[in-house]
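Peer 1: Sequence plus predicted model, see below.
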Amino acid sequence: LLGRMFVGKDDMTLDFVKELGMLVEKSVFVAFDLEFSGLVGKVEYIDTLEERYLKLRTAVQNYTPLQFGLAVFTQAKGEQSENANTELAHLSVRSFCFPLFPGNNKDLVFSSSSVRFLVENDFSFDQCFSDGITYLKKSEEEDLRRWRQKRDKEPEIALKGLPPRTLSELNGAIAEIEIWLAEGEKKGGETYTTSGKHNSYIRRLLYQELGKRMPFLVLEATSNDMLSSMKVIHSGKEGKSLEAFLKEEKERKILAEVGFSEVVKLLIKKKPVLVGHNMLLDLMFTYHYFISDLPVSWIDFITSVQNYFPFVVDTKYLTECRSVGSNFPNFQSTGLSDLFHAFSSSVTIKIGPPTRPSLDDGRPEEKLKKAHDAGYDSYMTGCVFAHWFHAANLGDIKDIKHIKQFRSYMNVLYLVKSHVQLPLRGPFNSLTWNPKSAFYFFGKNTHNGNALRNNLRKFGMVSFAWKTSSSPALVVFVNQTPSHRELANYVKEFGWQVVPYLEYGTKTSSLVLAFGALFIFSCLALRPGNQ
């Protein structure tokens, strides 16, 4: 069941979830990745965590996940190095790509840029639409179970008094099934589809009557249309085995609707080391669509994330942080593909290939082994982490949860040019940038982004924002931070004044008064009597 990379809706069985759970149980770590129907708009470097989170939250609520990739890395038997008597770390991998599709008539929203990007990278939208796995949040699953319990307790419909036409259609369908059964001994799993199409009322009567007369049969509607044929499945069970089968059948029907959320519930239960790359959005989409609505508060979100996933590793943060050692290869960027190729060609840890897809996947293997397929991206993410850990020489990777030297790298998420610790370790700061590198600018043209960028070019990259149209410009120096005196002297020629961010509350009043006095003096000087 775990031998293929592509896992469609028909592959999401109770047995598959059970086997996947056993695999995750013995994992060293699990890597994941998502593909979305759209991404967030403009997020400013200067945004506070709360501001950034609210922008991302809006995007997550508008768009939907299209694929979820999962790569489970387990310890394999080590091999002897050719050059030494030491045993190399050796990891086996099982990678999975789950196409996703929302149920319950939910809207699908796409951004044009995301669609173009995915098409250029051979993304298969057909798989999402035709073979996508549904999903539910925890509250939606609870509603589903309550609805099923209520339906099971509904009183039977008395056949006596039913309209002759209804009884005729019901008895005709039952007679058709009895003829099929009489044709010969049936084995478990054999199926039959009724020739007629029935409305929901007749289907309910069929469930009721066949459940009493022939409990060894399982019935399913062949479509969600108003009129649908019935698929009849012979269970091949009787006695206690039949009772167990019927109980399992109920869970199977619930699984068909809960769908991929069962995989996320499994990750929450097993609590493996969960590895992602630049993973804040991945965590937010996972939370919102498979667990619960995203909280309004950023603090509430990351507190909940830590409760569900207490061992989080962001490879984007790890590879931006070079302080652990000198065994790392040179890489052009910390983009996932660049990191994967740089590490794979220079570090001597043994990692097996991703799961070979079955021949009936309908996709050539090379397409599954390509960036931006979530299954393969999760594989690359896990490989980058394994190589990084080996190069950092922090200990045995199978003991990762208990290695003290690694704790400072765990539960830290990468943000644009910065990072933030989750509150498991604290202390917590709502700013994503160094407040000592920030200044408020007052004066003419300070609301002109090009003027700020061009005039401050000598200090390297800057980021800026305005709270309102009348507020001063808040500027953060990204590469180098000039002193207040140096900056104040430099911007005099532009008619600007500057106040350090940390002193804004104390110095603003006098500065505003000064500008106010200057404005009044200018107005008086321009009065007609003073011409």
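Peer 2: Looks like it arrived, so ask away.

Peer 1: Isn't L219 up against L205?
Peer 2: No. Here L219 does not reach L205: they are 11.1 Å apart, not a contact under Cβ atoms under 8 Å. (Glycine included, C-beta is placed from N, CA and C.)

Peer 1: what about the two, which has more around it?
Peer 2: L205 (22 against 16; other Cβ atoms under 10 Å).

Peer 1: list the contacts for the more buried one?
Peer 2: L205 makes contact with I157, L159, T166, L170, according to Cβ atoms under 8 Å, 6 or more residues apart in numbering.

Peer 1: now do 6 Å
Peer 2: L170 (Cβ atoms under 6 Å, 6 or more residues apart in numbering).

Peer 1: Let me know the pLDDT of it.
Peer 2: L205 is assigned a predicted lDDT (pLDDT) of 89.

Peer 1: how close does it get to G172?
Peer 2: Separation of L205 from G172 (Cβ to Cβ, to the nearest Å): 12 Å.

Peer 1: can you check K197 too?
Peer 2: 12 Å.

Peer 1: Count the residues that sit near the spatially closest residue to S228 that is not a sequence neighbour.
Peer 2: Spatial nearest neighbour of S228, excluding adjacent residues (Cβ to Cβ, 6 or more residues apart in numbering): A221 at 4.3 Å. A221: 17 surrounding residues under other Cβ under 10 Å.

Peer 1: How about S130?
Peer 2: Neighbours of S130 using other Cβ under 10 Å come to 13.

Peer 1: go on, Q480?
Peer 2: 10.

Peer 1: What separation do you get for it and K436?
Peer 2: Q480 is 12 Å from K436, by Cβ to Cβ.

Peer 1: again with V109
Peer 2: Taken as Cβ to Cβ, the span from V109 to K436 is 41 Å.

Peer 1: thinking again about what came up before, ok, so what distance separates the residue nearest to S228 from K55?
Peer 2: Going from A221 to K55 by Cβ to Cβ gives 43 Å.

Peer 1: Same check on A175?
Peer 2: 62 Å.

Peer 1: So for those two, which residue has more residues nearby?
Peer 2: K55 (16 against 10).

Peer 1: Return the residues in contact with that one.
Peer 2: Contacts for K55 (Cβ under 6 Å, 6+ apart) come out as V40, V43.

Peer 1: host element of it?
Peer 2: K55 is part of helix 49-62, with elements assigned from DSSP states H and E.

Peer 1: What strands flank the very next helix or strand once past that helix, and is each parallel or antiparallel?
Peer 2: On the C-terminal side of helix 49-62, the closest following helix or strand by DSSP H and E is strand 65-75. Sheet partners assigned to strand 65-75 using DSSP bridges are listed as strand 27-36 (antiparallel), strand 90-99 (antiparallel).

Peer 1: can you give me the mean pLDDT across the last one?
Peer 2: Read it as strand 90-99. 90.

Peer 1: now do the first one
Peer 2: Mean per-residue pLDDT for strand 27-36: 95.

Peer 1: quick one: that strand to chain centroid distance?
Peer 2: 9 Å (Cα atoms, centre = their mean, to the nearest Å).

Peer 1: got the CA positions of stretch 124-131 in CSV?
Peer 2: What follows is stretch 124-131, C-alpha atoms only, in CSV (Å, rounded to 0.1, in the frame of the first residue of the first chain):
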residue,chain,number,x,y,z
SER,A,124,-1.4,18.3,-13.1
PHE,A,125,-4.7,20.0,-12.4
ASP,A,126,-6.6,17.1,-13.8
GLN,A,127,-5.4,14.9,-10.9
CYS,A,128,-6.8,17.3,-8.4
PHE,A,129,-10.2,17.5,-10.1
SER,A,130,-10.6,13.9,-11.0
ASP,A,131,-8.7,12.1,-8.2
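
Peer 1: List of residues touching it?
Peer 2: Against stretch 124-131 from outside (Cβ under 6 Å, 6+ apart): G8, K9, L66, P99, F101.

Peer 1: Swap in 8 Å and give it another go.
Peer 2: Outside stretch 124-131, the residues touching it (Cβ under 8 Å, 6+ apart) are F6, G8, K9, D10, L66, Q67, P99, L100, F101, L118, R363, K367.

Peer 1: show me the contacts for the third one.
Peer 2: Counting by Cβ under 8 Å, 6+ apart, K9 touches F101, D131, G132, I133, T134, A256, G259.

Peer 1: again with L162
Peer 2: Taking Cβ under 8 Å, 6+ apart, one finds L170 in contact with L162.

Peer 1: picking up where we left off before, for L23, state which of the contacts of K9 is nearest.
Peer 2: Nearest to L23 among these, counting by Cβ to Cβ, is I133 at 18.1 Å.

Peer 1: just checking, G443 touches V499?
Peer 2: No. If you go by Cβ under 8 Å, G443 and V499 don't touch, sitting 11.4 Å apart.

Peer 1: Looking at the two, which is more packed in?
Peer 2: In terms of neighbours (other Cβ under 10 Å), V499 is the more surrounded of G443 and V499; the figures are 20 against 16.

Peer 1: Contact partners for the residue nearest to T481 when sequence neighbours are not counted?
Peer 2: Spatial nearest neighbour of T481, chain neighbours left out: S437 (4.3 Å); criterion: Cβ to Cβ, 6+ apart. Applying Cβ under 8 Å, 6+ apart, we find S437 in contact with V476, F477, V478, T481.

Peer 1: Roughly how far does S437 sit from V475?
Peer 2: Counting by Cβ to Cβ - S437 and V475 are separated by 9 Å.

Peer 1: thinking again about what came up before, quick one: which of the strands paired with strand 65-75 is nearest D293?
Peer 2: That would be strand 27-36 among the strands paired with strand 65-75, by Cβ to Cβ, at 17.2 Å.

Peer 1: what angle sits between that closest one and helix 49-62?
Peer 2: Per axes from the mean of the first three to the mean of the last three Cα atoms, to 10 degrees, the angle that strand 27-36 makes with helix 49-62 is 70 degrees.

Peer 1: could you pull out the strands for the stretch 351-500 of the chain?
Peer 2: Ranges of strands in the stretch 351-500 of the chain, per DSSP state E, counting those that start in this stretch, are 412-415, 418-421, 438-443, 462-465, 473-477, 496-500.

Peer 1: counting contacts, what elements does the longest one pack onto?
Peer 2: Pointing back at strand 438-443 there. strand 473-477, helix 484-491, strand 496-500, helix 504-525 (3 or more Cβ pairs under 8 Å, 6 or more residues apart in numbering; DSSP states H and E).

Peer 1: can you list contacts of stretch 228-236?
Peer 2: The contact list for stretch 228-236 (Cβ under 8 Å, 6+ apart) reads 173, 177, 180-181, 186-198, 203, 206, 216-223, 242, 245-246, 249.

Peer 1: for this protein, where's the lowest mean pLDDT among helices and strands?
Peer 2: Within the chain, no helix or strand scores below strand 87-88, which has a mean of 42 by mean pLDDT, DSSP states H and E.

Peer 1: Tell me which two of the contacts of stretch 124-131 sit farthest apart.
Peer 2: D10 and L118 (23.7 Å).

Peer 1: the more surrounded of these two?
Peer 2: Between D10 and L118, counted using other Cβ under 10 Å, L118 has the larger neighbour count: 20 against 9.

Peer 1: Would you mark the buried spots in stretch 461-471?
Peer 2: V462, S463, F464 (16 or more other Cβ atoms under 10 Å).

Peer 1: ok so, going back, pick out the one among the contacts of S437 with the largest number of neighbours.
Peer 2: Neighbour counts for the contacts of S437 were taken using other Cβ under 10 Å; the highest belongs to V476, with 23 neighbours.

Peer 1: any weak-confidence spans in the stretch 401-531 of the chain?
Peer 2: 416-433, 467-469, 505-531 (pLDDT under 70).
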